[in-house]
Structures are given as structure tokens and as C-alpha cells.
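>>> pasting the sequence and the predicted model now:
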Amino acid sequence: MSIKSGYFNKHLHVDLTKGTAEHQDISDAFLEKYIGGRGFGAKLVWDNLKKHDFRVDPLGPENLLVIAPGPLTGVYLPSSGKTSFAAISPATGLYGDSSMGGGFGVELRQTGVDVLSITGRAPELSVLFIDNGETTVLPTPELKEKSCLEAEGIIKERLGTYAIHVATIGVAGENMVNFACVNADWSRNAGRTGIGTIMGAKNLKAIVVRGHKDLPAHDVSGLMEEADKAYKYLKEHKYFSMWQQEGLMNIIEYANEKGILPVCNFKDTVFAKHNQINGATMLAHYKIGDSACFSCSMCCGNICLVKNGKYTGTIIEGPEYESCAMLGPNLGIDNFAAILSAIRLCDELGVDTISTGNIVGAVIEGYERGILSLSDLDGSEITWGDEDAILELIQKIADRQGIGNILADGSRRIIEKWPEMDKIILQVKGLEQSAYDSRAGITMGLGYATSDIGAHHTRAWTVAKEIEEGQNWSDDEKVGIVIYHQKVRPLFDMLGVCRLPWIELGLNERHYENFYKCVTGKEASLEQLLELSNDIYNLTRLINTRLGTTRKDDSLPYKVWANPPLTGPNVGKVIDQEDFQKLLSLYYQKRGWDEDGIPPTGLESKFED
Amino acid sequence: MSKKLMVIPEQCSGCRICELVCAIKHFGVNNPKKSAIKVLTIYPHPVVRMPIVCSQCKVLTCAQVCPVDALQRSDGVLQLDKENCISCYKCVDACPFGAIYVHEDYDLPIICDMCGGDPECVKKCPTGALRLIPESTLGEFKRLNNVLSYTQMKEIEFYEKGERKVIHYAEVGKEEL
């Protein structure tokens, strides 16, 4: 049975150099095979690489930026507001993608396209405006050096409407800081892998969308019924109201208790003053409102305001766990208001909070250990918890001032300049690590090492399960759970929905086969969908290995092998190299890749059309 | 008993489920732009999430400007006479709240019909920002909120069976008003 609905069968391609936009038809076979979101991203990035003989400079006009919601984006089911951004990443030089919530992807779909791809470079700083099918490139030199939030406001004013969605970059993106993000709906970010950097390199300040079209769906009443069951399940879950209240901030306490919280650049995993920066503190003193992505009942987003002290008036949408952990305990900051201020600064500048937290943390430790001298730091000292110095350094990174000019190029460049920093900075393949320590669970390490975009938890987040149930897991089970996560989590990114209802509140993944069927009219079991997701994992591996990735790149940061956490439940724990290599071999074997992690020859033919 | 659709913007998360279910109920499509309720989000100055929907005013400003009397109240709810409406959209301009909507696929103005007394948006709102309440209880939420912020609230933290709890209370007579 083939696809009956769920798509517009349209691909909008924009060439910023030529200033052209064209709608291309997409075949049903393509839609069935690649589904949407990251699936479209990987396929179009692969095609573009082949077109350029595998020589694509991430910051060159030839790098194709793909923005793809999925067939479920914007329809009535829990948390359907996600969209993926994919390209060759400036952080890793390999395949990179990052997803964003909010309402941007919904609006993009409503303009009548399934996927948008952008190539070229605009002659001057510009905004791409897609207005219900009409596409224009507006020169906007007046937006130069405007923060993400300011730019969104100015664009809305200039176009004379608030009923648009704006995805914009900040100063960091314009300055091509290696870990710049794209910010939409004021504070929703496609944060990782330097997607904002690519927009900056394309002279593209913002993408603005306005659409009114119906989102195609085969069986709306069937979908309504299935979705209502899922919403009901979530609403009755014992942790539902806690999610509405604290959102991802509830993980701070959990991470601290289990010893997976990054503290002082992952030197430790337990934070003495966790009480001052956790969800309860946020609720008691800072939170003034809820915020949700499109069609999400869990509303994990918070709105916080600092009401007194030095940072009075700081308002942010957030925080969530990663940003709070990376800019708080990871930098030794125990003042919640200062953390909020740092997050707000990152939102305005348009830099990824995870990479920024890692790099600033590494600088502080590098200085502490004497690897960086005071003159390297342009004469200003920086130490754990020094809020002013930390905020100043973040600003310097975005502005590329002094040491900021080197830090802005990301961990690979930092290690090149100061080789000893390799032992300090936590990164895999050039992407800085998420805020979950992997020394507490080897499967988390395997997940980071084999993630197609670098050390990010988006593909596999197995650490909690391993801590709770995995003490006696066999190697087979360990590899099995990582591969299962790498199939199911990317599937959410292909469908264009959020994974949190599943991973956090246990919404059965079977729901998604029903959602898929109601929207597309095509019958596909979860197993079949997971196989399609797995094909994309093979495709991104193919991209990476063709660009030079081998077994030695599927590794972990030095600290994970050599420096155990100083206190807490995982004191003394590191990941053993030999254990890890054994697991990695088994992982390759189960994936059907060779001992060096290379997928079989002939796999390429699978992705030809 | 006459019931009102009440909006509590402080509790709105901006998820727009109300828009979706309204469009599905009335047009059978997933299209938040075809709804009679819309969430307006303003950030960061000020921070507001405000669902905007027909207030069922007693004085119908919209009906007063209608040149063909296509807007009438029946059973306490504003109804659009679809046969006679000439789609001039005078009502859209006249509504003081901008709570009447227009979509390019559909000639008639889109106006809340309270779903025949059981609004879909109220049923599906996950945060309690939309409520259907007896008209005479309107304002209760505001009154309570106002009192809570007006009185100087004190706070005591305590633990009950290991769980942290907080009691808020007003110290009567201690504050100079």
C-alpha cells in the first residue's frame, strides 16, 4: 500500500547566489523511503556531496542547508512541533543536524512545502521570506549585529505582522562562530552542529515563514481518536504535572543524585549547591509562566524572570536541563540568576549553550592547570564561578575578540592551538559533549562515540536506564540498547515530532505507527518504520566514512578514560578502553559494518534515487 | 444558566491545541489558521500568551455594523447566518478584540459558535487556560489572584513525611496599608 496523503509533494530549493527559488516535485517513492525531517536532510546532503565529488566546505556556498519538518509536524497529536536542520557541519566537517521545537516547522509546512533547501551565498545580509508559496530574498543590512531577539522584533515590525515565524541567527552566526545556533519563536533553538554558522556563511540572517494551507492528512477523525488516547495517557501519568511545572529542570536533581551532572568541566559529577539551581528553586523564586511547543500538552518550557539582585529584569524562555547544567555547575556557578543571565546572553548572541558551556569550562580548567597563560586570556583571569568573567568571555567568543577568536572556531581548533587542551575539552569528532556524564554508564559513552553528529545525546540517551537496570547487562544487551535508541530517537526526528512524551512519560512508540498511518494512509509497522530510520543511520554513516571517519574517530574524550569523578556515586569510575573497544567491535558487527566501522560496499546503491 | 468561555492568559502555555481542535471540529482539517480562537504570543516585552476568542458580548458591536443583519444571538450564542452573509468583513474590523477571523480558502468570517455549548477548545486545553464557567462566577480567578498579590504574603517552609511543603499566609494587621 502506498502513500495517500500527508505531504504536499513539494521541495522548495533556494539559491541565494542567484536569488532564485524553485518548487520541485517529490515522488511518493522518495517520501516513503525517507519519511521527512532528518531523513530528507541526510538524503539531500548526500546527493549534494555526490554532486560536488565529496568536496563541500561547510562554510562554502556549496554546502546545502536542509530544513525539513516531517509528515506529522503540525497535526493534532502530542508535541508535533519539531523540524530538523541538516547540512555538513562546521563543527565536525561531517553530517550534522539539529532539531527545533516551537511553531516554525508547522508554519513552514503550511506554506505548502515538505522540505526547504538552501544553497549559495547572498550578496549582502538578507532575509528569506516564504509567504504561503511566494519566495523572496530581502536585503536587510539594518539587521547586522542585531541579537536574535531584536532581529525577530525588527522583522515583524518591518513586515507589519506578528503572525509569522522567524528563525534567525545572532552576532555569533554572522561572525561564523563554529557553534552558532538558529533561534526561532524568540527562544527555540536548533542549537547543535553549527547550523547558525552555516546561515551566517550564507549571509542569511533569518528565514521568515507565513503559511495558511491545510496540512494534508488521510484520516482526520481516526487521527483525532488516536491522538486523544495519547493525550489522555500523558495527562493521567503520575509525572505529568511535574513536567508541566518543572519541565526538563527536574533532571538537575536526578543527575546530581546519580552522579551524571557536569561539574567544573566534568571534573566532578556532584554539585554541592544543587539546591540553589534545581527545579524547586526555579519554581519558588523565578518561574512566571509556562511555555509549550506546538500541540504539546507537557509544556516543558518555562518562562523565568529574575526579580531582584544584580540580574534583575533578566527574562528567559527556559531554562532546561542542558543549558542550566552546562552554564551553571559545569562552570562552577551556583547563582541561579547568573545562570539565567548567561542563557539569555547565549540566546541573544545565538550560540549553543552546550558547546559554549564546554568551551568556557575547558578554558577555566586550562588556565587552572597552566595550559593557558594569563596573556592567552588577554590579561583577564577566569576562575570557577566567576560570573562576570564568564559572561564577558561568552561575549568575546561571539564577537571574536582576543582569545574569543580562537575559541569561536570550536574544540578542534582549540586543540590544534593548544594540544594539551585535548585532555581537558570534552568532544567527539569536534562536537562538544552534552550534559550527561558517560563515566556512569558505558552505553552512554558508546552512544556519544557512535553518534553521527558527535558527542550529543540526541541519538542515544541510555545513561538513566543503565544506572537503574543495567548493572548486569551483557555486552549484547549494552550494544542492543544503544542501537535501539539510535533507531527510535531519529525516527521522531524523521516524523517531525518530539521524543519527550516517549522517553520521559513512556508514551508507547506503537502510537506512532498509528499516527503515521492516519496521516499518510500508508500501513507501516513500528518495525518497518524503525528499519527506515536505521537506513538513515547507515546513510549518515556512509556520508561520514566517505568524508574520512574511521574507527579511531568513534572514540571518547580523554577524561572519560583517565580522570574519574572526584566525588559522588561514581567516584573513581572511568570507562575502560579495552571494554569499550570490545563493545565497539560488537556494535560494528551488529550494524553490519566492518572492523574499521565502514559500511559494506554496495550500500550506496540503496540511496541512489 | 448562561455559560461563558473564560480565558486565563496566565495559564496559557501557547501550545495552540485550541486552534487545531477548533479547525478540525469546524473544517475537518489540520490547519490552525482556520480556527475561531488564536493564541497571540508576545515576548519578551511584555511576556503574554493570550488566546483570543469571541467574548459573546451583550452588546454586539459586530452585529451593529453588519449591513445585512447576518449576525444574531440565538440561545445566548452569537450565530452567523451563512446564507445571508455577504463577506464584507465589517464585523472583523468592528470586534474590539479582533476575535473574528478570516481565511483565504473560505469566504465567510470565522466566528466562535461555542460548539453548541460544549467547546472543543475547553475540553482539550491541557493547562486549564480555557474554561467554561457560569456567567455569574466570572472574575473569580482575577479576584483571587489580585488578593494574593495585594496581601503581603509570608511563606513558611516545612517538611511532611520528607516532602518539602510551603504554606503562604497573610499576617493580618501587621502591614501598613
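In hand now; what should we look at?
>>> let me see the domain layout of chain B.
Following automatic domain parsing, one finds the domains of chain B at B:3-133, B:139-177.
>>> how near is the nearest residue to A:Glu513 once chain neighbours are set aside to chain B?
Computed as CB to CB, 6 or more residues apart in numbering or on different chains, the closest residue to A:Glu513 that is not its neighbour in sequence is A:Leu526, at 4.6 Å. Bear in mind the C-beta positions are built from the backbone N, C-alpha and C, glycine included. For A:Leu526, the distance to chain B (CB to the nearest CB, to the nearest Å) stands at 22 Å.
>>> what's the nearest residue to A:Thr312 if we skip its chain neighbours?
Among residues not flanking A:Thr312 along the chain, A:Val306 sits closest, at 5.6 Å (CB to CB, 6+ apart).
>>> hmm, I was thinking of A:Lys33
In space, A:Lys33 is closest to A:Leu532, 6.8 Å off (CB to CB, 6+ apart).
>>> same check on A:Lys573?
Using CB to CB, 6+ apart, the nearest residue to A:Lys573 is A:Arg439, at 4.9 Å.
>>> mind listing what A:Phe179 touches?
A:Ala91, A:Ala172, A:Arg192, A:Gly194, A:Thr197, A:Val351, A:Asp352, A:Ser355, A:Thr356, A:Ile359, A:Gly410, A:Glu432 (CB atoms under 8 Å, 6 or more residues apart in numbering or on different chains).
>>> go through the helix or strand encompassing the second one and flag the buried ones.
Assessed by DSSP states H and E, A:Ala172 sits inside helix A:171-174. Neighbour counts over helix A:171-174 (16 or more other CB atoms under 10 Å in any protein chain shown) mark A:Val171, A:Ala172, A:Gly173, A:Glu174 as buried.
>>> and stretch B:46-53, by the same measure?
Within stretch B:46-53, judged by 16+ other CB under 10 Å, the buried ones are B:Val47, B:Arg49, B:Met50, B:Pro51, B:Ile52, B:Val53.
>>> show me those residues that map onto helices.
Assignment to helices by DSSP state H places none of the buried residues of stretch B:46-53 there.
>>> from these, which is closest to chain A?
Proximity to chain A was ranked across these by CB to the nearest CB; first place goes to B:Val47, at 5.8 Å.
>>> returning to what we had before: model confidence score at the residue nearest to A:Thr312, please.
The confidence metric pLDDT takes the value 95 at A:Val306.
>>> what number of residues lie near it?
Per other CB atoms under 10 Å in any protein chain shown, the neighbour tally for A:Val306 reads 20.
>>> ok, now A:Gln589?
Using other CB under 10 Å, A:Gln589 has 12 neighbouring residues.
>>> what of B:Val59?
Neighbours of B:Val59 (other CB under 10 Å): 7.
>>> how about the backbone phi and psi for it?
Here is the backbone geometry of B:Val59 (degrees, to the nearest 10): phi -100, psi 120.
>>> and it, how close does it get to A:Trp502?
According to CB to CB, to the nearest Å, B:Val59 and A:Trp502 sit 49 Å apart.
>>> beta partners for residue 166?
No chain in the question, so chain A it is. Legend: beta-bridge partners of A:Val166 under DSSP bridges are A:Val208.
>>> hm, I was asking about chain B
Note on B:Val166: beta-bridge partners B:Glu157, judged by DSSP bridges.
>>> that one: what's it in contact with?
A:Ala284, B:Glu155, B:Ile156, B:Glu157, B:Phe158.
>>> need those in JSON lines (columns: neighbour count, distance to A:Phe104 and pLDDT).
Below are the contacts of B:Val166 laid out as JSON lines (neighbours: other CB atoms under 10 Å in any protein chain shown; distance: CB to CB, whole Å; pLDDT from 0 to 100):
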{"residue": "A:Ala284", "neighbour count": "12", "distance to A:Phe104": "32", "pLDDT": "92"}
{"residue": "B:Glu155", "neighbour count": "9", "distance to A:Phe104": "39", "pLDDT": "76"}
{"residue": "B:Ile156", "neighbour count": "9", "distance to A:Phe104": "44", "pLDDT": "80"}
{"residue": "B:Glu157", "neighbour count": "9", "distance to A:Phe104": "41", "pLDDT": "80"}
{"residue": "B:Phe158", "neighbour count": "9", "distance to A:Phe104": "45", "pLDDT": "83"}
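>>> is it true that B:Met6 lies in a strand?
Yes: counting by DSSP: H, G, I helix; E, B strand; the rest coil, B:Met6 is part of a strand.
>>> quick one: which helix or strand includes the nearest residue to it once chain neighbours are set aside?
Closest residue to B:Met6 apart from its sequence neighbours, by CB to CB, 6+ apart: B:Arg131 at 4.8 Å. Element membership for B:Arg131 (DSSP H and E) is strand B:130-134.
>>> list the buried residues for that strand?
Buried residues in strand B:130-134, defined by neighbour count with 16+ other CB under 10 Å: B:Leu130, B:Arg131, B:Leu132.
>>> chain A: which of these is nearest?
Distances from chain A to these, taken by CB to the nearest CB, are shortest for B:Leu130, at 13.1 Å.
>>> surely the closest one and B:Cys18 touch.
Yes: judged on CB atoms under 8 Å, B:Leu130 makes contact with B:Cys18 at a distance of 6.1 Å.
>>> overlap of the contact sets of those two?
B:Ile37, B:Pro51, B:Val53, B:Cys121.
>>> kindly reformat these as TSV containing pLDDT and distance to A:Val56.
Listed next are the shared contacts of B:Leu130 and B:Cys18 as TSV, based on pLDDT from 0 to 100; distance: CB to CB, whole Å:
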residue	pLDDT	distance to A:Val56
B:Ile37	98	46
B:Pro51	97	45
B:Val53	97	49
B:Cys121	98	47
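>>> format those as TSV; extra columns: distance to chain A.
Shown next, in TSV, are the shared contacts of B:Leu130 and B:Cys18 (distance: CB to the nearest CB, whole Å):
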residue	distance to chain A
B:Ile37	14
B:Pro51	13
B:Val53	16
B:Cys121	12
